[in-house]
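Colleague: Sequence first, then the predicted structure, then my questions.
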Amino acid sequence: MSSRASTWTSAPANSWSSSALPVAASPRCYASSAGSRKSAGGTLSFDGEAVNRLPPAKRGVAMVFQSYALYPHMTVFENMAFGMKLSGADKEQRRKRVEAAAEMLQLTPYLERLPKQLSGGQRQRVAIGRAIVRDPKVFLFDEPLSNLDAALRVATRLEIAKLHREMHDTTMIYVTHDQVEAMTLADRICVLRDGRVEQIGTPLELYESPVNTFVAGFIGSPKMNFLAGKYAEVEGAATIGIRPEHLAIGAGETDWNGEIIHSEMLGSDSYIYVEIGAGEPIVVREEGVTDRKPGEKIVLVPDAAQIHRFDAQGQALARNPVRGAA
């Protein structure tokens, strides 16, 4: 694995190569990067320097955990400065770095408070600040938003994105199983499954050109619809995939006739679940509020250029040159 500055990469599994903010890596890879677990093989390098044999404290890696891991009897200032104190930094250096990080994370008013006096989002920012003051070469974020409620997740996600822009010379590896976090935070995503790299690319590359059904199903919300049988045969594939946003509701008689079984209205979008006899219900996304009701008979019209073809092993085939882009 190599690490270069100013990018984020994201991955769900066991091994990756990053030059970006990773948003999903496996615990084994994560631990190997930090130095808390011995690498099974290969070379781990940061900025071209092999670090396999360096102890964790010498690697220039700072970690932010799923749990905040703050000392309850220490103030915010003391928690943020603790690592620097252990490393022998003088008092003035600790003060300057903590105050700078606190200003960046909007924590200045809370420096003399104890963790129990903070909200969950504030505690997570303290944990991030504790990592920042170490001035690391690499940040390792281990699902830092998973303990937060929905509103705080969004707010803290924005804080992390802002932090990445401001610390553009530092590589950030971000572990998550939430594809929304991966898509919104990563410069590049590395999707992993059972210790194997499935695909590496930008969020848009993975969305538009997934290499297999696993990646196709992981990226996108709601996930891609998969169909086999006659729907795939006409496309010369074992399975085809079509995203909810690439389906429309039309009129007439086709093999895509179906019946609405449920609809979800979210205000800006509506998700309509349609049974067409293809196994799982097909999800269609419509903009705005829908007046469609369960039991209504409809016909679906797929965007032919957006039909993804997969073979019997789930590997992507070239787009059908007649019906879509090659």
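Modeller: Looks like it came in fine. Since the model is a prediction, treat every value here as computed from it, not as a measurement.
Colleague: is it true that residue 83 touches residue 132?
Modeller: No - here residue 83 does not reach residue 132: they are 10.6 Å apart, not a contact under CB atoms under 8 Å. From N, CA and C alone the C-beta is placed, and that goes for glycine too.
Colleague: higher neighbour count, the two?
Modeller: Neighbour count, other CB atoms under 10 Å: between residue 83 and residue 132, residue 132 has more, with 24 against 16.
Colleague: So for the more buried one, what pLDDT did the model give?
Modeller: Here, the pLDDT recorded for residue 132 equals 87.
Colleague: from what I can see it touches residue 103, true?
Modeller: No - at 10.9 Å, residue 132 and residue 103 do not qualify as touching, with contact defined as CB under 8 Å.
Colleague: and residue 295, how many residues sit next to it?
Modeller: 8.
Colleague: Show the contacting residues for it.
Modeller: Contacts for residue 295 (CB atoms under 8 Å, 6 or more residues apart in numbering) come out as 259, 260.
Colleague: Can you list phi and psi of it for me?
Modeller: phi 100, psi -10 (degrees, to the nearest 10).
Colleague: Correct me if wrong: residue 125 contacts residue 158.
Modeller: No - under the criterion of CB under 8 Å, residue 125 makes no contact with residue 158, lying 11.7 Å away.
Colleague: Can you tell me how far residue 244 is from residue 148?
Modeller: As judged by CB to CB, to the nearest Å, residue 244 and residue 148 stand 27 Å apart.
Colleague: for residue 60, that is, sorry about that
Modeller: For residue 60, the distance to residue 148 - CB to CB - is 28 Å.
Colleague: quick one: the helices in the chain?
Modeller: 27-34, 76-86, 91-104, 120-132, 150-166, 179-185, 203-208, 213-218, 230-233 (DSSP state H).
Colleague: With distance to residue 304 as added columns, please give those in a markdown table.
Modeller: As requested, the helices of the chain are arranged in a markdown table below (distance: least, CB to CB, whole Å):
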| stretch | distance to residue 304 |
| --- | --- |
| helix 27-34 | 39 |
| helix 76-86 | 55 |
| helix 91-104 | 49 |
| helix 120-132 | 45 |
| helix 150-166 | 35 |
| helix 179-185 | 25 |
| helix 203-208 | 15 |
| helix 213-218 | 17 |
| helix 230-233 | 13 |
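Colleague: if we can go back for a sec, so residue 125 and residue 158 - more neighbours on which side?
Modeller: residue 125 (30 against 12).
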